[in-house]
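Engineer: turn this into a model:
(one chain, ligands or ions: 2)
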Amino acid sequence: MSRVRVVKFGGSSFAGPEHFHTVAAHLAGRVRDGEKLVVVTSGMPGATEELRRLATELHPEVSSPALLGLLPLADTVGAALLRIALERAGLRAELLPPHHIGLASSPAGGQAAALTGVDPVYLHGHLAAADALVLPGGQAADAHQRPTWLGKNSSDLSAVAVAAALRLPGCDIHSDVEGVYDADPRQVPAARLLPTLAYADVVTMARAGAKVLHSGAVELAARHGVTVTCRLNTGDFRVGSVIGPTGDPAYAVVADARSVVLTGDDPDAVEAVLAAEGLATLRVAGAVVATGSFADVPALLAARGRTCTVTGQKLLTVLRAGVPEYELVPATELAVVARSRHAALTTVAAVA
Ligand SMILES: Nc1ncnc2c1ncn2[C@@H]1O[C@H](COP(=O)(O)OP(=O)(O)O)[C@@H](O)[C@H]1O
Ligand SMILES: N[C@@H](CC(=O)OP(=O)(O)O)C(=O)O
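Structural biologist: Numbers count the residues shown, from 1 in each chain. Ligands and ions are numbered 1, 2, ... in the order given. As a prediction, the model looks like this:
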């Protein structure tokens with residue numbers, strides 16, 4: 001009998017059409033080796049944001065429900081293209097629409113939906129006749145079977161949720177880096193790979209704005225004991241990091257270039273507006289910090305009647321043995337400060 005494995009390929013896996021074949025060839029090899037696959041797929045890089053751009057070009061005050069109906073289509077296209085590449089690679093592949101994935105969410109409405117449960121019955125049914133099920137990440141259905149979107153970067157969440165529902169011990173999350181480093185390797189060239197990490201430390205890094213994994217996905221993995229294996233999305237598809245209940249003590253720097261630091265309005269009210277849009281926030285030195293942001297945060301707040309000042313600072317977090325320390329750094333100095341904090345950390349970690 002085949003072993004079932006959930007594998008996720010993020011947008012960075014599909015930088016061009018040929019990458020669909022690269023991924024399909026890898027997956028075909030795994031099927032030949034005896035695996036049955038549930039493949040969670042994101043859209044091509046930038047595809048979601050390109051849809052957002054088009055929508056706001058058509059209508060600058062586009063409503064949230066209208067926008068949320070459009071954005072998930074990027075992931076549908078990614079999944080449909082991968083299904084085609086898998087078919088060409090000789091696999092029996094099936095593409096699942098949102099209401100056949102089994103992910104249940106809060107009602108479709110003006111904000112990103114919350115995952116409320118997972119019913120594995122469809123997955124078991126479809127798996128019987130397929131080598132690979134392909135499903136678009138971040139998509140669910142509400143109690144009325146209306147399609148919903150689980151928010152930015154939520155493909156990781158889909159992968160973990162599906163693995164938990166199928167009662168699997170783990171899932172593979174593939175990206176353009178083989179694993180979690182002690183700093184973003186694109187910002188800090190001396191960053192080092194962390195081979196084993198505890199769930200809690202990755203959640204802290206993700207909440208501080210590290211782009212590599214979705215914080216809710218790691219929280220869900222912790223609740224269900226799903227081991228998350230981070231792997232490369234090309235070449236030898238090697239394993240870089242394994243995230244589980246325990247790991248090496250985490251010493252790391254997270255410099256969130258996408259963070260938005262806000263002052264000047266009622267912080268509780270500002271956080272409530274941002275939370276309703278699925279944006280994560282932290283409170284640092286009296287300011288509200290939206291981490292890993294994608295939306296036009298000041299415009300969003302203005303539309304909800306809040307007036308804030310954007311300070312021009314960015315959030316920098318240093319983890320020492322998993323304990324975070326937050327500081328606000330001028331945006332122009334973020335990369336330099338990140339490298340210097342990382343260098344100091346490397347010395348401490350070597351001594352510890
Ligand atoms: N601590 C970190 N370790 C590894 N990668 C990181 C880290 N922090 C940020 N990143 C960035 O995360 C990127 C991968 O995330 P993302 O672009 O969302 O990939 P995907 O599209 O595959 O989900 C990497 O290219 C890297 O620049
Ligand atoms: N549509 C999602 C897809 C996603 O989760 O992306 P990735 O897996 O590349 O982080 C987004 O852009 O937010």
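
Engineer: where does pLDDT dip in the stretch 101-250 of the chain?
Structural biologist: Low-confidence regions of the stretch 101-250 of the chain, defined here as pLDDT under 70, cover residues 110.

Engineer: which residues of it lie near ligand 2?
Structural biologist: Counting by CB under 6 Å from any ligand atom, the stretch 101-250 of the chain comes close to ligand 2 at Gly137, Gly138, Lys152, Asn153, Ser154, Ser155. All C-beta spots, glycine's among them, are computed from the backbone N, C-alpha and C.

Engineer: contacts only, for the closest residue to the first one other than its chain neighbours.
Structural biologist: Excluding the flanking residues, the one nearest Gly137 by CB to CB, 6 or more residues apart in numbering is Ser155, at 2.4 Å. The contact partners of Ser155, by CB atoms under 8 Å, 6 or more residues apart in numbering, come to Lys8, Gly10, Val40, Thr41, Ser42, Asp75, Pro136, Gly137, Gly138, His214.

Engineer: would you list these in CSV and tack on secondary structure?
Structural biologist: Output for the contacts of Ser155, formatted as CSV (DSSP: H, G, I helix; E, B strand; the rest coil):
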residue, secondary structure
Lys8, strand
Gly10, coil
Val40, strand
Thr41, strand
Ser42, coil
Asp75, helix
Pro136, strand
Gly137, coil
Gly138, coil
His214, coil
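
Engineer: helices of the stretch 201-350 of the chain, start to end?
Structural biologist: When secondary structure is read from DSSP state H, counting those that start in this stretch, the stretch 201-350 of the chain shows helices at 215-224, 267-276, 297-303, 334-351.

Engineer: pick the most buried one from the ones you listed.
Structural biologist: Among the helices of the stretch 201-350 of the chain, ranked by average contacts under mean count of other CB atoms under 10 Å, first place goes to helix 215-224 (a mean of 22).

Engineer: which of the contacts of Ser155 are close to ligand 1?
Structural biologist: On the criterion CB under 6 Å from any ligand atom, Gly10, Ser42 are the entries of the contacts of Ser155 that sit beside ligand 1.

Engineer: need the contacts of Ser155 in TSV with distance to Asp172 and neighbour count, can you?
Structural biologist: Output for the contacts of Ser155, formatted as TSV (distance: CB to CB, whole Å; neighbours: other CB atoms under 10 Å):
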residue	distance to Asp172	neighbour count
Lys8	7	29
Gly10	12	26
Val40	10	33
Thr41	13	30
Ser42	14	28
Asp75	18	27
Pro136	17	27
Gly137	14	30
Gly138	18	30
His214	15	27
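
Engineer: nearest to ligand 1 among the contacts of Ser155?
Structural biologist: Distance ranking of the contacts of Ser155 against ligand 1, using CB to the nearest ligand atom, places Gly10 first at 2.2 Å.

Engineer: and that closest one, how far is that from Glu333?
Structural biologist: 29 Å (CB to CB, to the nearest Å).

Engineer: before we move on, back to that, need the helices of the stretch 201-350 of the chain in CSV with distance to Arg238, can you?
Structural biologist: Shown next, in CSV, are the helices of the stretch 201-350 of the chain (distance: least, CB to CB, whole Å):
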stretch, distance to Arg238
helix 215-224, 21
helix 267-276, 37
helix 297-303, 37
helix 334-351, 23
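
Engineer: out of these, flag the one nearest Leu95.
Structural biologist: Leu95 lies closest to helix 215-224 among these, at 21.8 Å (CB to CB).

Engineer: helices or strands up against the closest one?
Structural biologist: Helix 215-224 is packed against helix 155-165, helix 199-207, strand 227-232, with contacts defined by 3 or more CB pairs under 8 Å, 6 or more residues apart in numbering; DSSP states H and E.

Engineer: tell me which element Val77 falls in.
Structural biologist: Using DSSP states H and E, the secondary-structure element containing Val77 is helix 73-88.

Engineer: how about that helix and ligand 2, any contact?
Structural biologist: Yes: contact between helix 73-88 and ligand 2, assessed by CB under 6 Å from any ligand atom, occurs at Ala74, Asp75.

Engineer: go through that helix and flag the buried ones.
Structural biologist: Leu73, Ala74, Asp75, Thr76, Val77, Gly78, Ala79, Leu81, Leu82, Arg83, Ala85, Leu86 (16 or more other CB atoms under 10 Å).

Engineer: then it to CSV, C-alphas only?
Structural biologist: As requested, the backbone C-alpha atoms of helix 73-88 are provided in CSV (Å, rounded to 0.1, in the frame of the first residue of the first chain):
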residue,chain,number,x,y,z
LEU,A,73,-7.3,32.7,-8.0
ALA,A,74,-3.6,33.1,-8.2
ASP,A,75,-3.1,29.8,-6.3
THR,A,76,-5.8,28.1,-8.4
VAL,A,77,-3.8,28.9,-11.5
GLY,A,78,-0.6,27.6,-9.9
ALA,A,79,-2.3,24.3,-8.9
ALA,A,80,-4.0,23.9,-12.3
LEU,A,81,-0.6,24.3,-14.1
LEU,A,82,1.1,21.9,-11.8
ARG,A,83,-1.7,19.3,-12.4
ILE,A,84,-1.0,19.7,-16.1
ALA,A,85,2.7,19.2,-15.6
LEU,A,86,2.0,16.1,-13.5
GLU,A,87,-0.2,14.7,-16.2
ARG,A,88,2.6,15.2,-18.7
